[in-house]
Every structure is written in structure tokens, then in C-alpha cells.
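Chemist: Model the following, please.
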Amino acid sequence: MAPRVLIRAGDRAALPEQSFSHPLNPNSEIHGHSVGELAGLKKIGVHIARIPPGKESFVRHVHYVEEEFVYILSGSGIAEIDGEEHEVGPGDFLGYVPGTVSHHLRNPFDEDLVYLSAGERSAVEVADFPTLGKRMVRVGTQVSVYPMDHEESLAALPRVRPSRE
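Modeler: Residues are numbered from 1 along each chain as shown. Below you'll find the predicted structure:
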């Protein structure tokens, strides 16, 4: 489908929902539409997402490069922000600045949680999953996950001096 400037609700409703689950969270289940992609946006991802009752978004994470926001459209959910739980509902806005707080969204209630989310699409992203002790590094479409307790510091590596020959 060619990108469009105006994405009408009726047009979007006629399209099949995309489904996603985070590979590190067996309770992750998200459905919706990437309206940013439909409009041809390249630098930001914009999504209308739906979490069914009893399901979760991703896994608690903190970004180090990309900003992200969530705006609740309908239903209720629990936003976990740096380990503290906050009930959220229609009209609530969550804005995540890189390197500040870990966050996660889940729906323990009886109706779908529907929200608008958007975030940058940087060429490189680093994110930590603090509850799992893992760090994700993405360069382009290549994603790698490492245990955080096995990090090596460049300062600990032996220095290699260039030869002057």
C-alpha cells in the first residue's frame, strides 16, 4: 500500500490488525496498526495498539537513545514506572526520556486497553531489561541481547599501541 497523508479511521478499521509479542515475555500480546508506516513516516513509529485483558505490552525496559510516549485512548491499565505501579486510563499521557526510567504496561482488567504510542526510529538503540538482567543493542535491524552481569569495560582491555614502522 502506498503511503498516504490522511489515514481515516474507517480505512484503518478495514485493514487486518498486526499482532506482536515480545520474545522475552510470554505474557506479551499487542494488536493494532502502525499508522506511521501507513503514512510513510521513517523517523518515528506511531502505533494505535490494543492490549487484551490479562496481557502485557513488552517487558519492563529503559531506552538510552530513543524517546517514547504512550497516550491512553480507552480502557485501563497498570503502568510500571521504575518498579512503581500506577493505574492509567483515558487521557493519561506517559512520556519517556532516554536514560531516565524503566517502564512497562499491562492490562489486568476486563476490557481492552487501547493507546496511541510513538517513538523515534534511530539507527542505533540500546535498552536495558532490568527485571531480566539483560541489555539489548540494535544496529539497524540487527538485534543482540547480552547478560548485563557479563559486561566488559574498554578500560579493562589491554591497550594496543599502533606500531611506528
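Chemist: Show the subsequent helix or strand relative to the lowest-mean-pLDDT helix or strand in the chain.
Modeler: For the chain, counting by mean pLDDT, DSSP states H and E, helix 9-14 ranks last in confidence among helices and strands (a mean of 88). Per DSSP states H and E, the first helix or strand lying C-terminal to helix 9-14 is strand 18-20.
Chemist: So which residues make contact with the least confident helix or strand of the chain?
Modeler: The list of residues contacting helix 9-14 from outside it, by Cβ atoms under 8 Å, 6 or more residues apart in numbering, reads 33, 35, 38, 48. Just so you know, the C-beta spots here come from the backbone N, C-alpha and C atoms, and that holds for glycine as well.
Chemist: And for stretch 126-140?
Modeler: Looking at what lies outside stretch 126-140 - Cβ under 8 Å, 6+ apart - the contacts are 24, 59-65, 102, 123-125, 143-149, 151.
Chemist: Now the buried members of those residues.
Modeler: 59-63, 102, 125 (16 or more other Cβ atoms under 10 Å).
Chemist: Can you pick out the ones from those that are in strands?
Modeler: Where these overlap with strands, as defined by DSSP state E, the overlap consists of 62-63, 125.
Chemist: Switch these over to CSV; also include pLDDT and distance to residue 109.
Modeler: Converted to CSV, these look like this (pLDDT from 0 to 100; distance: Cβ to Cβ, whole Å):
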residue, pLDDT, distance to residue 109
62, 96, 25
63, 95, 26
125, 95, 30
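Chemist: Could you dump these into a markdown table and include distance to residue 29?
Modeler: As requested, those are arranged in a markdown table below (distance: Cβ to Cβ, whole Å):
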| residue | distance to residue 29 |
| --- | --- |
| 62 | 22 |
| 63 | 21 |
| 125 | 23 |
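Chemist: quick one: which of the residues you listed is nearest to residue 118?
Modeler: Distances from those to residue 118 were compared by Cβ to Cβ; the smallest belongs to residue 63, at 12.8 Å.
Chemist: Show me the beta-bridge partners of the closest one.
Modeler: Assessed by DSSP bridges, residue 63 has beta-bridge partners residue 127.
Chemist: correct me, but it touches residue 98?
Modeler: Yes - under the criterion of Cβ atoms under 8 Å, residue 63 lies in contact with residue 98, with a separation of 5.0 Å.
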